[in-house]
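# need a 3D model of the following:
(2 chains)
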Amino acid sequence: MFFVVLWGVNKRVKMTSLLNKLSDIVGQAFESEGLDKAFGRVGVSDRPDLAQFQCNGAMAAAKAAKKNPRAVAESIVPKLQANLMFSKVEIAGPGFINLTLTDLELGKYISSISADQRCGVDKISKSETILLDYGGPNVAKPMHVGHLRSSIIGDSIRRILKFSGHNTIGDIHMGDWGTQMGMMISELQLVHPDWVYFDESFTGEYPSESPVTMDDLEEIYPRVSALCKTDETRLELSRAATVDLQNKRPGYHALWKHFVTISLQSMKRNFSALNVHFDLWKGETDVHDLISPMVDDLTKRSYAVKDDGATVVHIKKNDDNKEYPPLILYKRDGGVLYGTTDLATIVERIKNYNPSRILYIVDKRQSLHFEQVFRAAKLTGIAPESLELTHLGYGTMNGSDGKPFKTRSGGVLKLEDLIAMGHEKAMQRLEEAQAAQDLSQDEKDDIASKVAIAAIKFADLQNSFSADYIFDLDRMTSFEGKTGPYLLYQAVRIKSLLDKAGYKQNPQITIKPDDAGRNVILTLIELPQVIDIAARNYTPHVLCDHTYKLAQAFSSFYGNTHILSESDEVKKQGWLEISHMVLCQLELLLDLVGIKIPDRM
RNA sequence: GUCUCCGUAGCUCAGUUGGAUAGAGCACAAGUUUCCUAAACUUGGGGCCGCAGGUUCAAUUCCUGCCGGAGACGCCA
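Numbering: from 1, shown residues only, chains lettered A, B, ... in the order given. All right, here's what the predicted structure looks like:
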């Protein structure tokens, strides 16, 4: 396979990443020995002291062909040694093939992508429409740290898939139709029976101004919710109000609209601060009108049946080794549950967007629920077999005691308060460092916000999302070591460096790797693989890990090399070019996890 | 009771279809600033990868059992 080097951003053609190119070359060597090409997969070396790259395929191939792994490697290696790209090809241990490129080859490759806007990362060959369901805040409930995970993980996966070339649709899917609404409404009715919203004979216009504030709602919900847990009659009252609301009783509906309006303001403020984006701001309510026809249809086709007063879909399969409770469509009292709305939402999403995948970024404790919904959707033919329905369940935020995180006073930590704490700390650090002293207060505020969000997001996203993790406030707002602010800091230093150097991008430049910059270059070339892995497995933490590795490689290079005072102009320009590429990749990688970089800090 | 997930350094976490000497941050110890932002860099100590078997040339990774932790299990979301 020929590697086409084209200069300039406008003439961009499909670029093969260096690791793919090497895999291809080694794969051909395997193929010529009658072995599967796939064994030629090349990765970055685990032993940088021995080589830059390695291929473990000889051992796997030997197993498949029942041969000696070393003998297989020995048949492959001479073919590679004949290739002038490599300065060194060796067999090590049981049959590792160790590869090192010539600096000329490395320089050629890195120069070829130096001006590329996508940092040498190709779009995937076939684009799909992927709908992501994340965020899921509840109307009338305050957003707390528990909402952090769904929002930032979902948003990051959306960004990664979009960058990879997919058509992505992020839907917030608000919880705006459940029993918590009935709780709020019934409580207000108990306290203010005289309100016009509760006068069933009233036929006029309801007030346009909400009678309650977000603060009121935040106070009422936890109180009534706790009450309903112990008081059965109070719960019944809430359920009845919920059913009435779902049947669109005018006064209740008007009141509910107020809840939504004031909650939306609060949500938008929170998500904007977090730099989390949604394409759709839909909620459970939006599918309400689809429910009754859906259930009628399922009843007609005998999937929906009456069971103990409720209307359910049985989802057991014969080869199950596990009990599956049925999906309940209508409760005994006629109310609908979130399983009903989730199923109807699949109907709506297929009709409106026809996605090939729907990803749900929701607490992993709801995995049974999603399994029920997915089974029901596939079983009844609501969703075609080809539609990928995946629940990406994230773990619980625990406190240091291993139990779900609570503040010292026993309450939930509001998202706004967490952000405010990070902001305050960042501001403090800014003063200490005496950085940005010439900037206005607004500009400093902007920097502190970016630092705080970077700290919070990176602290969370660097964990693999499926595991529970210990929420540590100090760690969340820490700025040293493997943190968001460290990454920002490296990017800011590069900006400052390029600025001082009067750097202008030169697409014609040929970078010559040297001992100082080689490690940085080797890290830069890993990008396409890293993004591919993150996109295929929906794992933002892989990006976080690599971003840190890149920043660290640069920081080490920067600390040991004085770039601006370098008298060898060719060397200096090469270093600046590398620095610029690091900045571009940091910007890209941080953007994929939803982190913005300030110009100074 | 059944099922799911987890157990890796003092703490918080990585470890990519089984591969070489299991990595990082924090914490701890020692260095580095007449020079591009020290929110940084360099170096060091730290590990029966929960335990016991099994499969394999090779197991933190796959299988089985046990111990320990978390969670879910029809009318909340």
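# what does the stretch 301-450 of chain A put close to RNA strand B?
Within the stretch 301-450 of chain A, the positions adjacent to RNA strand B are A:307-310, A:312, A:321-323, A:325-326, A:328, A:331-333, A:335, A:337-338, A:364-369, A:396, A:400, A:402-404, A:426, A:429-430, A:433, A:435, A:447 by C-beta under 7 Å from any atom of the strand. C-beta coordinates here come from the backbone N, C-alpha and C atoms, glycine included.
# buried residues of stretch A:472-481, list them for me.
For stretch A:472-481, the neighbour count (16 or more other C-beta atoms under 10 Å) marks A:473, A:476-479 as buried.
# can I get those residues in CSV with distance to RNA strand B, secondary structure and pLDDT?
As requested, the buried residues of stretch A:472-481 are arranged in CSV below (distance: C-beta to the nearest atom of the strand, whole Å; DSSP: H, G, I helix; E, B strand; the rest coil; pLDDT from 0 to 100):
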residue, distance to RNA strand B, secondary structure, pLDDT
A:Leu473, 12, helix, 91
A:Met476, 10, helix, 92
A:Thr477, 10, coil, 94
A:Ser478, 7, coil, 95
A:Phe479, 3, coil, 95
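# let me have these in a markdown table, adding distance to A:Gly204 as columns.
What follows is the buried residues of stretch A:472-481, written out as a markdown table (distance: C-beta to C-beta, whole Å):
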| residue | distance to A:Gly204 |
| --- | --- |
| A:Leu473 | 50 |
| A:Met476 | 50 |
| A:Thr477 | 51 |
| A:Ser478 | 56 |
| A:Phe479 | 57 |
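# now, which of those sits nearest A:Lys282?
A:Met476 (30.3 Å; C-beta to C-beta).
# where does the closest residue in space to that closest one that isn't next to it in sequence land in three-state SS?
Sequence neighbours aside, A:Ala459 is the residue nearest to A:Met476 in space, at 4.8 Å (criterion: C-beta to C-beta, 6 or more residues apart in numbering). Three-state call for A:Ala459 (DSSP: H, G, I helix; E, B strand; the rest coil): helix.
# nearest to RNA strand B within chain A, name that residue for me.
A:Gly481 (2.2 Å; C-beta to the nearest atom of the strand).
# for that residue, what are phi and psi?
phi 80, psi -150 (degrees, to the nearest 10).
# same check, this time on the one 3 residues further on
The phi and psi torsions at A:Gly484 (degrees, to the nearest 10) take the values phi -60, psi -50.
# residue boundaries of the helices in the stretch 251-400 of chain A?
A:288-300, A:338-353, A:367-379 (DSSP state H, counting those that start in this stretch).
# do the stretch 451-600 of chain A as well
So, for the stretch 451-600 of chain A - with DSSP H, counting those that start in this stretch - the helices run A:473-476, A:484-501, A:518-524, A:527-537, A:540-560, A:569-592.
# hey, least reliable of those by pLDDT?
By mean pLDDT, the lowest-scoring of the helices of the stretch 451-600 of chain A turns out to be helix A:473-476, with a mean of 91.
# can I get that helix as CSV, trimmed to CA atoms?
This file holds the C-alpha atoms of helix A:473-476, laid out as CSV (Å, rounded to 0.1, in the frame of the first residue of the first chain):
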residue,chain,number,x,y,z
LEU,A,473,-14.5,16.9,47.1
ASP,A,474,-10.8,17.7,47.5
ARG,A,475,-9.9,15.6,44.6
MET,A,476,-12.7,17.0,42.5
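# quick one: contacts of that helix?
A:413, A:418, A:421-422, A:455-456, A:459-460 (C-beta atoms under 8 Å, 6 or more residues apart in numbering).
# need the residues you listed in CSV with distance to A:Asp171, neighbour count and pLDDT, can you?
Formatted as CSV, those follow (distance: C-beta to C-beta, whole Å; neighbours: other C-beta atoms under 10 Å; pLDDT from 0 to 100):
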residue, distance to A:Asp171, neighbour count, pLDDT
A:Leu413, 26, 21, 89
A:Leu418, 25, 19, 94
A:Met421, 30, 17, 95
A:Gly422, 28, 26, 96
A:Ala455, 28, 27, 97
A:Ile456, 23, 24, 96
A:Ala459, 26, 23, 95
A:Asp460, 21, 26, 95
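# out of these, who's nearest A:Ser151?
Ranked by distance to A:Ser151 (C-beta to C-beta), these are led by A:Asp460 at 9.8 Å.
# quick check: the closest one vs A:Arg149, distance?
As for A:Asp460, its distance to A:Arg149 is 6 Å (criterion: C-beta to C-beta, to the nearest Å).
# what does A:Asp401 give?
Between A:Asp401 and A:Arg149 the distance is 19 Å, computed by C-beta to C-beta.
# higher neighbour count, the two?
A:Arg149 (22 against 9; other C-beta atoms under 10 Å).
# got the contact list for that one?
A:363, A:394, A:397, A:460, A:465.
# assign it to helix, strand or coil.
helix.
# re earlier: let me have the helices of the stretch 251-400 of chain A in a markdown table, adding mean neighbour count and mean pLDDT as columns.
A markdown table is the format used below for the helices of the stretch 251-400 of chain A (neighbours: other C-beta atoms under 10 Å; pLDDT from 0 to 100):
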| stretch | mean neighbour count | mean pLDDT |
| --- | --- | --- |
| helix A:288-300 | 15 | 96 |
| helix A:338-353 | 20 | 97 |
| helix A:367-379 | 19 | 96 |
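# export those to JSON lines and tack on distance to A:Ser579?
Putting the helices of the stretch 251-400 of chain A into JSON lines (distance: least, C-beta to C-beta, whole Å) gives the following:
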{"stretch": "helix A:288-300", "distance to A:Ser579": "54"}
{"stretch": "helix A:338-353", "distance to A:Ser579": "42"}
{"stretch": "helix A:367-379", "distance to A:Ser579": "45"}
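# those helices: which one's closest to A:Glu90?
Among the helices of the stretch 251-400 of chain A, the nearest to A:Glu90 by C-beta to C-beta is helix A:367-379 (46.9 Å).
# residues in contact with that closest one: which ones?
Residues outside helix A:367-379 that contact it (C-beta under 8 Å, 6+ apart): A:303, A:313, A:315, A:317, A:324-327, A:338-339, A:342-343, A:346, A:360, A:362, A:382-383, A:385, A:387, A:389, A:391, A:393.
# quick one: work out the angle between that helix and helix A:288-300.
60 degrees (axes from the mean of the first three to the mean of the last three C-alpha atoms, to 10 degrees).
# next to RNA strand B, which bits of the stretch 1-150 of chain A? Give me the list.
Counting by C-beta under 7 Å from any atom of the strand, the stretch 1-150 of chain A comes close to RNA strand B at A:41, A:43, A:45-47, A:49-51, A:54, A:56, A:59-60, A:62-63, A:69, A:92-96, A:98, A:138.
# among the residues you listed, which lie within strands?
Among these, DSSP state E puts A:43, A:54, A:92, A:96, A:98 in strands.
# which residues touch the second one?
If I follow you right, that is A:Gln54. Neighbours of A:Gln54 in contact, by C-beta under 8 Å, 6+ apart: A:42-47, A:96-99.
# ditto for the third one
Neighbour list for A:Ala92: A:50, A:98 [criterion: C-beta under 8 Å, 6+ apart].
# beta partners of it?
Beta-bridge pairing for A:Ala92 (DSSP bridges): A:Phe96.
# next one: it from A:Val77, what distance?
11 Å.
# check the second one too.
As defined by C-beta to C-beta, A:Gln54 lies at a distance of 12 Å from A:Val77.
# overlap of the contact sets of these two?
Taking C-beta under 8 Å, 6+ apart as the criterion, A:Gln54 and A:Val77 both touch A:Ile97.
# hang on, the earlier thing: most widely separated two among the contacts of A:Arg149?
For the contacts of A:Arg149, and using C-beta to C-beta, no pair is farther apart than A:Asp363 and A:Asp460, which are 13.9 Å apart.
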